[in-house]
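**Student:** Predicted coordinates and the sequence they were generated for:
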Amino acid sequence: MSTELTPVHCLHGQGRRPTCILCGRCLPVCPLFTATGREELSPRAKFFLAKAVGEGRAELSAKAAEMLATACLSCGRCEDACPLGLCGPDLVAEIRAAHPGFAGMLWKLWVERAGLAWPLAMTLGKLLPGNIPIAAVSRAKGALAALGAGKAPAPWLFPKTFDTRQAGKKAVIFAGCVAEHANPRWKAEAARLLEGLGVEVLPDPGFTCCGCTLGHAGAPQAQAAMQQQNIEAWRRAGRPLMVVFCATCRCGLRAYARKDLGLAMDELGPWRENLVSLAELLGDTTFEIGQAAPPAVRYHRPCHGAGGNQDLSLLRRIMGERLVFRENETPCCGFGGLTKLTHPDLSEAVAKNALAIYAPKPGEQIVTGCSGCVTQLRAAAPDGVGVGHWLETIG
Amino acid sequence: MSPTPTLPADVRRALEKIFPGDAAVFTPEEMFVYGADASRRHALPSAVVRPENLEQVRALLALAQDKRLPVLPRGRGTNTVGDCTPVSGGVVVSAARLNRIKDIDADDFVAVVEPGVVTADLQAEAAGKRLFYAPDPASVKFSTVGGNVATCAGGMRAVKYGVTRDHVLGLTAVLPGGEVVHCGRRTHKNVVGLDLVRLFCGSEGTLGVITELTVKLLPLPAATATLALAFADVDAALSAAGDVFRAGILPVALEFMAREAMAAVAAISPVPWPETAGAALLIRLDGSPEAVAADLALLEAATKPAGPVWSRRAATPQDEEAVWEPRRLLNPASFKAAPDKISDDVTVPRGKLRAAAVGIRTVADELSLKILLFGHVGDGNLHVNIMHDAANADERARAQAARERILSLALSLGGTLSGEHGVGLSKLPFLDRQLSPIERGLMARIKAAFDPYGIMNPGKAY
């Protein structure tokens, strides 16, 4: 039977979410829909089903809960496309937070198939009951190490002159979960470059995860605890520069200034200003191009692009003509949020779609500025194609 | 979950065989969104399938005819009239995986595409070869070529280049029973036989399932420029619009916005026109850089007598972007102007636009409603958004009354109930006001020739 839907009243409930108008603008930007052609995974489908569940017109069956709470890459592209500013990841996070079994399910998944997401699991696992069995972690770690070894690009850019405009400043490195647990070389490389710039690198003041993933995971309290720990650590270090080289971490950290996390009024400015991307700090640093330079390098723009744009201008400058970036070819890698854990099949389909668009030839490289993207694209890239954080191209 | 129209077990098994794995969907949760489109009506289908090739569509339509199962083709479900709502259950055929651009030929000036290709993707790919796919509906970035053909979508460039049907040269479709028809050719001219291609254009999924389209391409215009004008009132703006044609200029777009629509945009974004303006025109030209520059001067002279209170010429892409941005924001702005809206797209003969605007103003005043009026006035096509709060029974009734009066007004001026959106479910109750029983009977007999058991998108369009 046809049922005329209840009319929209987006202006009535202050603080309430406007109602999705089903216009369809979110479909072409949703990486899950684009990679699979499954409209039921689109933000439009989620908002529509969630509304029906909320109004009692559809049952929150196990299947509905699974679709609503587990299949979203948290990339946020739908929010930019939506005329009402609706954000799919926010909806999913709320459903996760409201769904009592979700944290337990995640925990189980981490144990069973943390796989490439284990660096996240390592950090996040501390907040949830129980322990990750050592065997599961070492299995996952082994898999990642084996995989990374072949595809990380050998360095081919060598610093020639350093931009010393920031010399004398104090900085801490916010490395993020992946660099801390899986790719310690990135952090070492970042420290070496900062030294070249004349920036004094202070010891890690006790940073934890930026909290981005926990927010998406529907654990707002745990997220807030991590955010506060990071703010405290920054204060302890004397509010120095916070250098990031992961777009997602930078995106997560920037958001602190928009929430009430105990940053004092006079701290908001310094928090925003001192949160800098490594690419930005490198300024006019020049590099020599070495023998191992590939014929072409594709820049993969992370969805959480707050740190990505500085990367692009740096890479354009130091890599020159080799660097390929097309504004109309910016697929999502598919790592996003928790999908890697909850739906590895979907995550892989999105990665496959991205690589089909990039179509790298043997000997070419893909570089990016987000830990999650590196992990994901490295796992999916064909043999002979180097995939890495741009830091790895620097020797 | 609302009850799913039941599918006999043998039919389900047959569908699973034709559409293995995730190509067929049967759970109510997964099918939920496929029951709706931008009309926001909803009814659950009995199954959803995602074909990837012609053979699957043939097998489906053979089965569907045999089992008398309704079939509903679906691009991205962006139509606003309920064309994709399965009011009688049935199988929704998603074109999401029929999305290949098969050919763009710079010698023949044609493109061959599957129906699920997003129209803007076709335009971009063609532009890469300096070719131009002209149809440009407002949904161009998120609707599909197949959906555009099925609804005969219009858009801003229709005034110069025509609507979607003017650009479809040929198509392949599967009819109920599984027969495949190839209508039209790859030629830009063809007068052999009845024009079956045109019959499919705007048929709203009622004749068959389109699986491939051959569309016309044009040389990509080298330059564009826009003249943005504001006037004290609607009448002055529409009088200037008439002057444009009288001066011998055929613009590529001639967009109009009345005061309430301009105010809705101003509420969400800075706008370039003065606050006192009561109407605006955006007039775009295209062609060679020299021709565009010359036409722009002509255009300025032609629109002077109507007395614009503000004007801005935009001849670079950045400047054009700035003057067109408010027009693009109109749709999102309209959703913030009131809790609900009834949206119609009446079209009148070009010479009757001023009378239509006066009539719509009278309806708004008499029923104390805010009506956003804008549209593609080069085509006589007016978008009428009747803003209201549906939670207020009185306001809802007044909005419905306004809709009825505006539809009647358009018909009394020799116009049509719909210039772009189609009939679907939402204009069906009014159809007899425009079509006689003889015409509707003829349409029913034509449909029966394609679809003898009435399984294609039943209960819609005509």
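**Tutor:** Cool, got the structure.
**Student:** residue contacts, the residue nearest to A:Ala380 when sequence neighbours are not counted?
**Tutor:** Residue nearest to A:Ala380 in three dimensions, not counting chain neighbours: A:Ala351, with 3.9 Å by CB to CB, 6 or more residues apart in numbering or on different chains. Just so you know, the C-beta spots here come from the backbone N, C-alpha and C atoms, and that holds for glycine as well. Residues in contact with A:Ala351, defined by CB atoms under 8 Å, 6 or more residues apart in numbering or on different chains, are A:333-335, A:376-377, A:379-380.
**Student:** swap the cut-off to 10 Å and go again
**Tutor:** By CB atoms under 10 Å, 6 or more residues apart in numbering or on different chains, A:Ala351 lies in contact with A:31, A:35, A:331-335, A:340, A:373, A:376-381.
**Student:** cool, and B:Arg396?
**Tutor:** If you count contacts by CB under 10 Å, 6+ apart, B:Arg396 has them with A:7, B:340, B:342, B:388-390.
**Student:** one more time with 6 Å
**Tutor:** Contact criterion CB atoms under 6 Å, 6 or more residues apart in numbering or on different chains gives B:Ala390 as the residues in contact with B:Arg396.
**Student:** right, and A:Val29 touches A:Glu79 too?
**Tutor:** No. The pair A:Val29 and A:Glu79 fails to qualify as a contact (CB atoms under 6 Å) at a distance of 9.4 Å.
**Student:** Would you double-check that the residue nearest to A:Ala380 falls in a helix?
**Tutor:** Yes. Counting by DSSP: H, G, I helix; E, B strand; the rest coil, A:Ala351 falls inside a helix.
**Student:** Retrieve the pLDDT associated with it.
**Tutor:** We have a pLDDT of 94 for A:Ala351.
**Student:** How about B:Asp344?
**Tutor:** We have a pLDDT of 94 for B:Asp344.
**Student:** So which bits of the stretch 351-462 of chain B are right by chain A?
**Tutor:** B:390-391 (CB under 6 Å from any CB of the partner chain).
**Student:** can you rerun that using 8 Å?
**Tutor:** When proximity is defined as CB under 8 Å from any CB of the partner chain, the stretch 351-462 of chain B approaches chain A at B:389-391, B:396, B:425.
**Student:** now that we have those, which one has the most neighbours?
**Tutor:** Sorting those by how many neighbours each has (other CB atoms under 10 Å in any protein chain shown) puts B:Leu425 first, at 21 neighbours.
**Student:** That residue touches B:Pro458, doesn't it?
**Tutor:** No. Because the distance of 11.2 Å does not satisfy CB atoms under 8 Å, B:Leu425 is recorded as not touching B:Pro458.
**Student:** Return every residue with contacts to both of those two.
**Tutor:** In terms of CB under 8 Å, 6+ apart, B:Leu425 and B:Pro458 are both contacted by the residues B:Val87.
**Student:** quick one: A:Arg192 is in a helix?
**Tutor:** Yes. Applying three-state DSSP, one finds A:Arg192 inside a helix.
**Student:** Mind listing what's buried along stretch A:313-328?
**Tutor:** A:314-315, A:317-319, A:322-323 (16 or more other CB atoms under 10 Å in any protein chain shown).
**Student:** and it, anywhere near chain B?
**Tutor:** Yes. Applying CB under 8 Å from any CB, one finds that stretch A:313-328 is in contact with chain B at A:Asn328.
**Student:** Output that stretch as CSV, nothing but the C-alphas.
**Tutor:** Once side chains and other backbone atoms are set aside, the C-alpha atoms of stretch A:313-328 remain, and they are given as CSV (Å, rounded to 0.1, in the frame of the first residue of the first chain):
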residue,chain,number,x,y,z
SER,A,313,50.9,22.2,-2.4
LEU,A,314,54.1,21.0,-0.9
LEU,A,315,54.1,17.9,-3.0
ARG,A,316,53.3,19.9,-6.2
ARG,A,317,56.3,22.0,-5.4
ILE,A,318,58.8,19.3,-4.6
MET,A,319,57.7,16.6,-6.9
GLY,A,320,57.0,18.8,-9.9
GLU,A,321,55.5,17.3,-13.1
ARG,A,322,55.6,13.8,-11.7
LEU,A,323,52.7,14.6,-9.3
VAL,A,324,49.3,13.8,-10.7
PHE,A,325,46.2,15.1,-9.0
ARG,A,326,42.9,15.6,-10.7
GLU,A,327,40.1,17.4,-8.9
ASN,A,328,37.5,15.2,-10.4
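**Student:** pLDDT of it, averaged?
**Tutor:** For stretch A:313-328, the mean pLDDT works out to 93.
**Student:** Could you list the residues in contact with it?
**Tutor:** Applying CB under 8 Å, 6+ apart, the external contacts of stretch A:313-328 come out as A:157, A:279-280, A:282, A:285-287, A:289, A:293-299, A:301, A:312, A:367, A:390, B:124.
**Student:** Please apply the same query to stretch B:53-64.
**Tutor:** Stretch B:53-64 is touched from outside by B:11, B:14-15, B:18-19, B:23, B:49, B:51, B:69-71, B:90-91, B:93, B:98, B:172, B:174-178, B:180, B:208-209, B:211-212, B:455, with contacts defined as CB under 8 Å, 6+ apart.
**Student:** now do stretch B:137-144
**Tutor:** When contacts are taken as CB under 8 Å, 6+ apart, the neighbours of stretch B:137-144 outside the stretch itself are A:23-25, A:27-28, B:75-76, B:78, B:95, B:99, B:115-120, B:123, B:148, B:153-156, B:164, B:331, B:420.
**Student:** where does that stretch sit relative to the chain's centre, distance-wise?
**Tutor:** Here stretch B:137-144 is found 8 Å from its chain centre; the criterion is CA atoms, centre = their mean, to the nearest Å.
**Student:** Over to stretch A:184-204?
**Tutor:** 22 Å.
**Student:** which parts of it are buried?
**Tutor:** In stretch A:184-204, the ones that count as buried by 16+ other CB under 10 Å are A:186-187, A:189-191, A:193-194, A:196-197, A:199, A:201.
**Student:** Quick check: mean pLDDT of that stretch?
**Tutor:** In this model, stretch A:184-204 has a mean pLDDT of 94.
**Student:** how about the CA coordinates for that stretch, as PDB?
**Tutor:** What follows is stretch A:184-204 as a C-alpha-only set of coordinates in PDB (Å, rounded to 0.1, in the frame of the first residue of the first chain):
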ATOM      1  CA  PRO A 184      57.400   4.300  13.700                       C
ATOM      2  CA  ARG A 185      59.600   5.300  10.800                       C
ATOM      3  CA  TRP A 186      57.200   8.100   9.900                       C
ATOM      4  CA  LYS A 187      57.600   9.700  13.300                       C
ATOM      5  CA  ALA A 188      61.400   9.400  13.100                       C
ATOM      6  CA  GLU A 189      61.400  11.000   9.700                       C
ATOM      7  CA  ALA A 190      59.200  13.800  10.900                       C
ATOM      8  CA  ALA A 191      61.500  14.400  13.800                       C
ATOM      9  CA  ARG A 192      64.500  14.500  11.500                       C
ATOM     10  CA  LEU A 193      62.900  17.000   9.200                       C
ATOM     11  CA  LEU A 194      61.900  19.200  12.100                       C
ATOM     12  CA  GLU A 195      65.500  19.100  13.300                       C
ATOM     13  CA  GLY A 196      66.500  20.300   9.900                       C
ATOM     14  CA  LEU A 197      64.100  23.200  10.200                       C
ATOM     15  CA  GLY A 198      65.700  24.200  13.500                       C
ATOM     16  CA  VAL A 199      62.600  23.300  15.500                       C
ATOM     17  CA  GLU A 200      63.200  21.800  18.900                       C
ATOM     18  CA  VAL A 201      61.300  18.600  19.200                       C
ATOM     19  CA  LEU A 202      60.100  17.900  22.800                       C
ATOM     20  CA  PRO A 203      59.500  14.400  24.000                       C
ATOM     21  CA  ASP A 204      56.000  12.900  23.600                       C
END
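**Student:** which ones are touching B:Ala314?
**Tutor:** B:225-228, B:320, B:322-323.
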